[in-house]
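Novice: fold the following and give me the result.
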Amino acid sequence: MTTLLLTHPCFVEHDTGYGHPERPDRMRAIDKVLSHEMFNGLKREEAPLRDDVEEWIALAHPRAYIEWVKSARPAEGEEPVRLDPDTVLSPKSWEPALRAVGAGLAAVDAVIEHRAGIRNAFAQVRPCGHHAERERAMGFCIFNNVAIASLYARKKHGAERIAVVDFDVHHGNGTQDIFWNDKDLFFASTHQMPLYPGTGALSETGVGNIWNAPLRPGDGGDPFKEAFESRILPSLRNFGPDLVLISAGFDAHQDDPLANLRLQEPDFAWATAKIAEVAEKHANGRLVSMLEGGYNLTALARSVGVHVRALMDAAA
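Specialist: Here you go, the predicted model:
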C-alpha cells in the first residue's frame, strides 16, 4: 500500500503579487523537500482539470457564486483583482483553482477505491480552501477544496459519515459554515484564538458535529496534543467516519510569520499519525490530506515532509 501525491506545475501560476504570504515559492519549497529519496515510494500524479469540475464545486458553493468568480477573472495582461482584501484572482488563477478542487476529487476516488494500492493521499495545492464559505471568498481561499471533496465522496461514492480535521493555525470558518447543519459531516479544528478570522469558539457546535479546540497565543506542542487527546480525537472516534480528510495547514509552526503558536515538525507528525490511526480503525485507512496554510518556506517544507512521511508510514 502506498501514499498518493497530487500536484501540478500550474499551481505556481496563481500570482498573488509581491509581498503576499501565500506565494508560488511555497510550491517550490515543498517540491524540493519531496524530491528527496525518502519519498521515492510516493505514487505521483498530476492534479486533474476535469470537465465536470464545476458540477462538483456546486455541491459546496451556489452556482451564482461560481459564476461571480468566473466573471471577476482578469484577462491576460490585466491587473489581478481582489475577491476580498486578502484573496487575489490573477489572470492565470482559474486553472490552479480548478485543479486544486480536482486534486481533492482524484484523491477521494483513489483512497475510496484503494486504486493501485493507494491507501491515503496528500494534495499539494494552491489556492488553499478552508476559509472559503458557501458564498464568500476570503483568507486567500476561492473554493473550499476540502469541503467539496467531502461532499463529492458522499455523492459519488456513497460515503455516509465524513470527517474533516483542521490543524491550520487559522480556524477553518468556511468548512464549518458548509458543514454547520449536517449531522453526518464532522468538523474539528485546533487553531489560535483570538486570530483571523475570529471564529472557532468552543460554543460553536453546529448540530453537535462541530468540535473546536482553540489554543492561546504562545501555546506549543503540549497544549496542542492535549487539545487533540481530550477533544479532537475522542469526538472523531465517537463519530466513526467512513472517510477522514485533513485540512493540513502548517502555520502553527513556531517560525511562521502570521501567528503565534509554537509547534514544531514532530507535533505535525504526531497529529498526522493519530488521525491516521482513527482512519485505520473506522475508515479502512481512507485518509485524504489537503494543503492549507504555512508561510515560512523552510518551516513549511520541513513540516510537509514529516506530514507526508507519516502518511506513508500509515499506508505501509
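Novice: A72: how many residues sit nearby?
Specialist: Other residues near A72 number 15, with proximity taken as other CB atoms under 10 Å. For the C-beta atoms, the positions are set from N, CA and C on the backbone; glycine is no exception.
Novice: report the contact partners of it.
Specialist: Residues in contact with A72 (CB atoms under 8 Å, 6 or more residues apart in numbering) are V81, L83, L89.
Novice: grab the nearest non-local neighbour of H131.
Specialist: Distances taken as CB to CB, 6 or more residues apart in numbering put G139 closest to H131, at 3.1 Å, once the chain neighbours are dropped.
Novice: distance of the residue located most distally from the centre of the chain relative to K92?
Specialist: Relative to the centre of the chain, the most outlying C-alpha is that of G77, 30.5 Å out, by CA atoms, centre = their mean. According to CB to CB, to the nearest Å, G77 and K92 sit 11 Å apart.
Novice: which residues are in contact with the residue lying closest to the residue farthest from the centre of the chain once chain neighbours are set aside?
Specialist: Distances taken as CB to CB, 6+ apart place P91 nearest to G77, at 7.0 Å, with adjacent residues excluded. Taking CB under 8 Å, 6+ apart, we find P91 in contact with D15, R73, P74, A75, E76, G77, E78, P80.
Novice: filter these down to the buried ones, PyMOL style.
Specialist: Buried subset of the contacts of P91, written as a PyMOL selection, criterion 16 or more other CB atoms under 10 Å:
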select buried, resi 15+73+80
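Novice: where along the chain do the strands fall?
Specialist: With strands called from DSSP state E, the chain shows them at 2-7, 43-46, 81-84, 87-89, 118-123, 162-166, 185-192, 210-215, 243-248, 287-291.
Novice: A29 is in contact with Y295, isn't it?
Specialist: No - counting by CB atoms under 8 Å, A29 stays clear of Y295, with 10.5 Å between them.
Novice: give me every residue that touches the residue nearest in space to the middle of the chain.
Specialist: Taking CA atoms, centre = their mean as the criterion, S247 is the residue nearest the geometric centre of the chain, at 3.0 Å. Taking CB under 8 Å, 6+ apart as the criterion, S247 is in contact with 129-130, 146, 164-168, 172, 175, 189, 290, 292.
Novice: may I see the residues you listed organised as CSV, with distance to N209 added?
Specialist: Listed next are the contacts of S247 as CSV, based on distance: CB to CB, whole Å:
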residue, distance to N209
G129, 19
H130, 16
V146, 15
V164, 10
V165, 13
D166, 14
F167, 18
D168, 19
G172, 14
T175, 11
S189, 12
M290, 19
E292, 20
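Novice: for those residues, pick the one with the most neighbours.
Specialist: G172 (35 neighbours).
Novice: pull the number of nearby residues for G117.
Specialist: 11.
Novice: ok, it - contacts?
Specialist: G117 neighbours (CB under 8 Å, 6+ apart): M1, T2, K43.
Novice: one more time with 10 Å
Specialist: Neighbour list for G117: M1, T2, L4, K43, A110, A315 [criterion: CB atoms under 10 Å, 6 or more residues apart in numbering].
Novice: what pLDDT does it get?
Specialist: At G117 the predicted local confidence, pLDDT, stands at 92.
Novice: how about the helices in the stretch 151-300 of the chain?
Specialist: For the stretch 151-300 of the chain, applying DSSP state H, counting those that start in this stretch gives helices covering 173-179, 221-227, 233-239, 265-283, 297-315.
Novice: and the ones you listed as CSV, adding mean pLDDT and distance to L98?
Specialist: Shown next, in CSV, are those (pLDDT from 0 to 100; distance: least, CB to CB, whole Å):
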stretch, mean pLDDT, distance to L98
helix 173-179, 98, 17
helix 221-227, 98, 34
helix 233-239, 98, 30
helix 265-283, 98, 27
helix 297-315, 98, 22
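Novice: most tightly packed of those helices?
Specialist: helix 173-179 (a mean of 26; mean count of other CB atoms under 10 Å).
Novice: packing partners of it?
Specialist: The contact analysis (3 or more CB pairs under 10 Å, 6 or more residues apart in numbering; DSSP states H and E) places helix 173-179 against helix 145-157, strand 162-166, strand 185-192, strand 210-215, strand 243-248.
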